Structure formats: structure tokens, C-alpha cells
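Colleague: Predicted model, plus sequence, below.
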Amino acid sequence: MAKKKILNGLTVKQKKFIDEYVKSGNGTEAAMKVYNVNGKVSAAAVASDNLQKLNVRKSIEEIMADVGYSTDKSVSTLAYIQQAGKDKKLSAGDSIRATELLLKLEGKLVDRKQVSKLNINIETADKVKLLKLKEKYNKLLNTK
């Protein structure tokens, strides 16, 4: 396994990820370009992991601030678009999208898919536990 070089608290791949993320605004795409991942699900997991790290988030915020981006400005713009969509003849889609983004920023709307793995040896597992698990996962699958 190759040693990771760490620069300013970030690995080389994390720095590349940050650069790609700032360019595209899409963590999954950035992870697919930088990391050796097999598919979008793995890339999304790597991106999510990176974006939860404080040093990665701070680096992204610093780069965005250097180019004149501010969260406050974006929130103000989204709020304006949301209101303009109600008062003027902007498309309903613009207003809905602005509302959705504002709710996500406030943490009131979560747009995530949860992926879990469960490995069970069915020959040695307790039958009652297996039936409960089956019932639980059937409920999850039927709620879509």
C-alpha cells in the first residue's frame, strides 16, 4: 500500500478532490475523477466522507471565499428567487428549486440514500431473528 503524502493536513488526493469539487460542485463526480472507485455509489460514499472532514470543508470554503463566493449571498439570491417566483412570472420550477435548496441549507430537507450491508450466515443464525430482519427489510422495501 502506497504511503499518503499529507500537505497542510490534507492528502494529495484530498487536495485534488477539493479542486475538482470546486470546479464541478458535485462531490460524486469529483471523487470519480480523483479516487479509484467502482461506480457512482462508491464515489458518493467517498465524497460524503471527504465532505464531512473539517479540514476539507474549510479548504473548500477558503477557495470559494477567494473567488468571491459567500454562503450569505447565495442564500439571499435563493430567497429572492423564491419570492420572485411567487410575485412575478418566473417559472414555478425556479421557485420550487429555490425553496428546496433553502430547506436543505437549513437542514430541514435531507436528500440522501442510506446504504447498509448486512452479512448473515443463515445456516447458523437464529430463525426468529432472521424472520424479524426479513419483516423489517420488507417494510423498508415497500415504503418506496
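Modeller: Yes, it's here.
Colleague: which regions of this protein sit below the pLDDT cut-off?
Modeller: 1-7, 69-71, 81-82, 84-92, 94-95, 102-118, 140-144 (pLDDT under 70).
Colleague: Break down it into its helices, ranges please.
Modeller: Here the chain has its helices, by DSSP state H, at 12-24, 27-34, 40-51, 54-66, 71-87, 92-105, 127-142.
Colleague: winner for burial among those helices?
Modeller: The highest average neighbour count among the helices of the chain, using mean count of other CB atoms under 10 Å, belongs to helix 27-34 at a mean of 20. From N, CA and C alone the C-beta is placed, and that goes for glycine too.
Colleague: Can you list the neighbours in contact with it?
Modeller: 13, 16-17, 20-21, 23-24, 37, 40, 43-44, 46-48, 50-51 (CB atoms under 8 Å, 6 or more residues apart in numbering).
Colleague: If we use 10 Å, what do you get?
Modeller: By CB atoms under 10 Å, 6 or more residues apart in numbering, the surrounding residues in contact with helix 27-34 are 12-24, 26, 37-51.
Colleague: do stretch 46-63 as well
Modeller: By CB under 10 Å, 6+ apart, stretch 46-63 touches 8-11, 13-15, 17-22, 26-32, 34-37, 40, 69-71, 112.
Colleague: let's see it at 6 Å
Modeller: With contacts defined as CB atoms under 6 Å, 6 or more residues apart in numbering, stretch 46-63 is touched by 9-10, 14, 17-18, 22, 27-28, 31, 35, 37.
Colleague: Report the two members of these separated by the largest distance.
Modeller: Gly9 and Thr28 (23.6 Å; CB to CB).
Colleague: what about Ala45, distance to Tyr35?
Modeller: 10 Å (CB to CB, to the nearest Å).
Colleague: go on, Lys23?
Modeller: Shown here: Lys23 relative to Tyr35, a distance of 16 Å by CB to CB.
Colleague: Next: Lys73.
Modeller: 31 Å.
Colleague: what do you get for Asn55?
Modeller: 17 Å.
Colleague: and what of Asn121?
Modeller: Taken as CB to CB, the span from Asn121 to Tyr35 is 32 Å.
Colleague: for Asn119, same thing?
Modeller: Distance from Asn119 to Tyr35, counting by CB to CB: 24 Å.
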